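Chemist: how does the following fold in three dimensions:
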Amino acid sequence: MNPESPNPEPRSPNLEPSGVPALVTRAAAIDNVSALETMGMLLDLQGDQPGAYKAYKRSAMLGSSVGQFKLGENFYRGLGHQGVDGEQALFWLNKAAKNPALNADSLATAAGIMGFLHLDGEGTQACNVTAVKWFKVAAENGNIEADKTLGWLYNTGQY
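Modeler: Numbering: from 1, shown residues only. Down below sits the predicted model:
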C-alpha cells in the first residue's frame, strides 16, 4: 500500500479475492473437476481449510480420485472444520482406493489410513483381518509405516 494514497494498490485482475486465479474459479464454478482439484489444493496451501473442503467435496462428488482422497484425509485428520469422522473417512478413502485414477502415493496413504481405522475400530468395528488387508495394499505401494505395522502385527501374534 502506498502510504500517501488512501486507496490500496490494485490487485492483479487475474486473481480472485481468495488468491485463486480467476480462470480456475470460473472453471470450478461450472464443475470442471481439474479446476475444483486445483482450487482445493490452492486454498489448502493458503490455509483456507473450509474452502478447500468445499472444493474437494464437489470434485469427489463428481468422481475425482484426488477429491475423494483429500476429503477422506480431511475427515481422518479433522480438517476443514468438519471434525474427525472415521466413518466418513472410511467412506471417501475406500472410494478413492477403488478409483483406478488414484496415484500410487495417494493409494499408499489412503490404504494405510484405512488400515489404522480398521485396527483401532474408528468409524467401523475393529477388525485385524481387514486392517492387514489394507496395510498390505499400503505397503505394496510404498507406505513404510504400513510395512512396519504389518511386522508388528505378525510379531505380536495379532494376525
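Chemist: tell me which residues are up against stretch 42-56.
Modeler: 18-20, 24, 28, 36-37, 39-41, 66-67, 70-71, 74, 79-82 (CB atoms under 8 Å, 6 or more residues apart in numbering). Backbone N, C-alpha and C define where each C-beta goes, glycine included.
Chemist: show the buried residues in these.
Modeler: 20, 24, 28, 36-37, 39-41, 66-67, 70-71, 74, 79-80, 82 (16 or more other CB atoms under 10 Å).
Chemist: need the pLDDT of the residue most central in space within the chain.
Modeler: In the chain, the residue lying closest to the centroid (CA atoms, centre = their mean) is residue 70, at 1.3 Å. Residue 70 is assigned 96 on the pLDDT scale.
Chemist: re the thing from before, mark which of the contacts of stretch 42-56 are part of strands, please.
Modeler: Among the contacts of stretch 42-56, the subset assigned to strands under DSSP state E is empty.
Chemist: in helices only, show me the residues you listed.
Modeler: 24, 28, 36, 37, 39, 40, 41, 66, 67, 70, 71, 74 (DSSP state H).
Chemist: I'd like the residues you listed as a markdown table, with distance to residue 149 appended.
Modeler: Output for those, formatted as a markdown table (distance: CB to CB, whole Å):
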| residue | distance to residue 149 |
| --- | --- |
| 24 | 38 |
| 28 | 37 |
| 36 | 33 |
| 37 | 30 |
| 39 | 34 |
| 40 | 29 |
| 41 | 28 |
| 66 | 25 |
| 67 | 27 |
| 70 | 23 |
| 71 | 24 |
| 74 | 22 |
